[in-house]
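K.L.:
Just need the structure, nothing else, for what follows:
(chains A and B)
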Amino acid sequence: MNSIVIDTAFVVATMLVAIGIYGLLNSKNVIRVLLSSEIILNASILLLFSLSSLAGKSYTPLIFSVFAIGMALTEVVVAFASVILYYRQKGSLEVD
Amino acid sequence: MFLTPSDFQVGIFFVFSVLSLAVALFIVNSKNVFYSAVALAFLGMSVAVLIADLDPAVYSLYSAFHLILYVGATVVFLSISLVMFRGLEVKEVRTPWAPAMALLSAVALFAVIVLSTGPIATSSVSIQPLNLAIIGERLISQYWFPAVILVIALLTTMIEALSLARRD
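P.N.:
Now for the predicted structure:
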């Protein structure tokens, strides 16, 4: 059972990365680019836990993911500050 | 004849896999970024369920952490902050080579996963049971430096959020 679940998790994580890259390349909106990078972040966390589940080492990915989520929170706030400044300067959210 | 708990677990995994992919597609295709940000919360929830379903005894704690901090804080902050902007409609931009590039990167990533995990036999390893005391001990002894960096980063983020909230 576990093997089926882990294999499916690998496939789902890969497809999420593909969707995120598609969103990154296919958008000129700053916020859409940020949201696409968040999809890739979610995929990478799922991949990390799937690999951990396969290898049997449970603590290292758990601690890494706690750091990853904390940094993601910081990244979102910093990125949003940049978006606000960009919006004040340009009056638009579209990138060239 | 009857469903066993493991069948139920696999069923839940497939349902939330499909849900997470559908939500991710909605995020990149929605014309309004506010709806995309709200959909990101559903993606976070789906990923939390998928992680918990991998091994409920080991990963359920992280799953709760993902729900509280990522969905509860990050995505809510993102959604509420979007209200500040006017013109959240996204202009349609189609890059012709984007699907091919996404497909190529997915194939490359999957090949790397298959090649790197091939030698690992799933049945030969047993996952350690979750012990919060060990996690706390490791955070303090082995990972104290990243923990300090994270705390400083979160503090500066709080200051930044306060300065953003000020009207000038």
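K.L.:
Any idea how many residues pack against residue 84?
P.N.:
No chain was given, so I picked chain A. Using other Cβ atoms under 10 Å in any protein chain shown, A:Ile84 has 14 neighbouring residues. Quick note: C-beta positions are derived from backbone N, CA and C, even for glycine.
K.L.:
I was after chain B.
P.N.:
11.
K.L.:
so what's it up against?
P.N.:
A:Ile84 (Cβ atoms under 8 Å, 6 or more residues apart in numbering or on different chains).
K.L.:
Read off the pLDDT value for it.
P.N.:
Reported pLDDT at B:Met84 in the predicted model: 74.
K.L.:
Surely it is within a strand?
P.N.:
No - going by DSSP: H, G, I helix; E, B strand; the rest coil, the assignment for B:Met84 is coil, not a strand.
K.L.:
ranges for the helices of chain A?
P.N.:
A:2-25, A:30-55, A:59-90 (DSSP state H).
K.L.:
wait, which of the ones you listed is closest to chain B?
P.N.:
Set against chain B and scored by Cβ to the nearest Cβ, those come closest in helix A:2-25, at 3.4 Å.
K.L.:
and that closest one with helix A:30-55, angle?
P.N.:
Angle of helix A:2-25 versus helix A:30-55, following axes from the mean of the first three to the mean of the last three Cα atoms, to 10 degrees, is 160 degrees.
K.L.:
Any part of helix A:2-25 near chain B?
P.N.:
Yes - counting by Cβ under 8 Å from any Cβ of the partner chain, chain B is contacted by helix A:2-25 at A:2-6, A:8-12, A:14-23, A:25.
K.L.:
before we move on, what about stretch A:75-90?
P.N.:
Yes - using Cβ under 8 Å from any Cβ, stretch A:75-90 reaches chain B at A:Val76, A:Val77, A:Val78, A:Phe80, A:Ala81, A:Ile84, A:Tyr87.
K.L.:
just checking, what packs against the helix or strand harbouring B:Ile134?
P.N.:
Assessed by DSSP states H and E, B:Ile134 sits inside helix B:132-141. With contacts taken as 3 or more Cβ pairs under 8 Å, 6 or more residues apart in numbering or on different chains; DSSP states H and E, helix B:132-141 sits against helix A:59-90.
K.L.:
Just the angle for the helix it packs on relative to helix B:132-141, thanks.
P.N.:
Going by the same axes, to 10 degrees, helix A:59-90 makes 60 degrees with helix B:132-141.
K.L.:
what residue is smack in the middle of chain A?
P.N.:
In chain A, the residue lying closest to the centroid (Cα atoms, centre = their mean) is A:Leu41, at 1.7 Å.
K.L.:
tell me which residues in stretch B:32-44 are buried?
P.N.:
Residues of stretch B:32-44 classed as buried: B:Val33, B:Phe34, B:Ser36, B:Ala37, B:Val38, B:Ala39, B:Leu40, B:Ala41, B:Phe42, B:Leu43, B:Gly44 (neighbour count, 16 or more other Cβ atoms under 10 Å in any protein chain shown).
K.L.:
How about stretch A:72-90?
P.N.:
Neighbour count says stretch A:72-90 has A:Ala72, A:Leu73, A:Thr74, A:Glu75, A:Val76, A:Val77, A:Ala79, A:Phe80, A:Ala81, A:Val83, A:Tyr87 buried, by 16+ other Cβ under 10 Å.
K.L.:
quick one: contacts of that stretch?
P.N.:
A:30-31, A:34, A:38, A:41, A:93, B:69-70, B:73-74, B:77-78, B:81, B:84-85, B:150, B:153-154, B:156-157, B:160-161, B:164.
K.L.:
CA atoms only for it, dumped as CSV, please.
P.N.:
Coordinates of the C-alpha atoms in stretch A:72-90 are reproduced here as CSV (Å, rounded to 0.1, in the frame of the first residue of the first chain):
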residue,chain,number,x,y,z
ALA,A,72,8.1,30.8,2.9
LEU,A,73,6.2,33.1,5.3
THR,A,74,9.1,35.6,5.3
GLU,A,75,9.4,35.3,1.6
VAL,A,76,5.8,36.1,1.0
VAL,A,77,5.9,39.2,3.2
VAL,A,78,9.1,40.5,1.6
ALA,A,79,7.8,39.7,-1.9
PHE,A,80,4.5,41.5,-1.1
ALA,A,81,6.4,44.5,0.1
SER,A,82,8.2,44.6,-3.2
VAL,A,83,4.9,44.2,-5.1
ILE,A,84,3.4,47.1,-3.2
LEU,A,85,6.4,49.3,-4.0
TYR,A,86,6.2,48.2,-7.6
TYR,A,87,2.5,49.1,-7.7
ARG,A,88,3.2,52.5,-6.2
GLN,A,89,5.9,53.2,-8.7
LYS,A,90,4.3,51.8,-11.9
